[in-house]
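Visitor: let's see this in three dimensions:
(one chain, ligands or ions: 3)
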Amino acid sequence: MSQDIWNAVDTFIVDTVVGRDAVLEGALEAASVAGLPAISVSPAQGKLLYLLARLQGSRNILEVGTLAGYSTIWLARAMPRYGRLITLELDPSHAAVARENIERAGFSDVVDIRVGAALDLLTEMTQAKKEVPYDFVFIDADKKNIPEYFQLVLKLSKPGTVIVVDNVVREGKLADASSDDEAVQAVRRFHEMLAQERRVSATTLQTVGSKGYDGFSVVMVHE
Ligand code: SAH
Ligand code: DHB
Ligand code: MG
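Guide: Ligands and ions are numbered 1, 2, ... in the order given. I've put the predicted structure just below:
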């Protein structure tokens, strides 16, 4: 049981329940042509983000880690036209590719791409008094800062906010207390934080598929 069968099943899932989509496939193609790494969420994961944001009734979404805007487009599609999405990206060349993809998807008026280090941008956002709390947050930037991103995002949340955090299982290294990989240490610390934080309720799902063996956390803020 491994990568070949996970790929075959993801292909079947795309061909059936997710559906093929020229705009989203074009966004991945543009990312590839621009030389960006192929680390966007998979189509099945993108559709899950879309479904969660729609279920939640999101009108105000925050994303940390834009890359080419693939997950951004899935999330933007989950909102009514008056929804707003802010997405944070360190690399100006990634942001430029995302800007074009988002334009082609028809969401230039919905999505605000902010270029900079997410720690700085999130800190500024927590200090800007007019920044409204977000309904839905997707954390998917550098992994070593996940605990810090989560703490800052909590300050931008309200009861009912849903926070999804990608890449937290890391081929099972999440369970390896002796790992010296800083991303592994960060996702372990993040889980310990969730366990201690009485304002949230959370779980983590392990996943296999076209992106290998990984997983994501789903967190609900309840007070
Ligand atoms: N969410 C995207 C994939 C994001 S990949 C999708 O699924 O389509 C991770 C992105 O985070 C990369 O584009 C990387 O440049 C960006 N990133 C890395 N470190 C960052 C930081 N410190 N601040 C903001 N963005 C960062
Ligand atoms: C990487 C980042 C991601 O967000 C992801 O889903 C997979 C890989 C990476 O930086 O390698
Ligand atoms: Mg990811």
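Visitor: list the residues that contact the most centrally placed residue in the chain.
Guide: Closest residue to the average C-alpha location of the chain: Phe138 at 3.5 Å, with Cα atoms, centre = their mean. Each residue near Phe138 by Cβ atoms under 8 Å, 6 or more residues apart in numbering is listed here: 49, 61-65, 71, 75, 163-164, 166. Glycine gets a C-beta too; all of them are placed from N, C-alpha and C.
Visitor: same question for Leu49.
Guide: Counting by Cβ under 8 Å, 6+ apart, Leu49 makes contact with 41, 71, 74-75, 78, 138, 164.
Visitor: now do Val165
Guide: Contacts of Val165 by Cβ under 8 Å, 6+ apart are 139-140, 146, 150, 190, 216-217, 219.
Visitor: which among those end up buried?
Guide: For the contacts of Val165, a neighbour count by 16 or more other Cβ atoms under 10 Å gives the buried set as 139-140, 146, 150, 190, 216-217, 219.
Visitor: all strands of this structure, in order?
Guide: 60-64, 84-89, 111-115, 136-139, 162-166, 200-209, 212-221 (DSSP state E).
Visitor: by neighbour count, which of the contacts of Leu49 wins?
Guide: Of all the contacts of Leu49, the most densely surrounded is Leu75 (29 neighbours; neighbours counted as other Cβ atoms under 10 Å).
Visitor: ok, it to ligand 2 distance?
Guide: According to Cβ to the nearest ligand atom, to the nearest Å, Leu75 stands 15 Å off from ligand 2.
Visitor: again, but for Gly172
Guide: Noted for Gly172: a distance of 15 Å to ligand 2, by Cβ to the nearest ligand atom.
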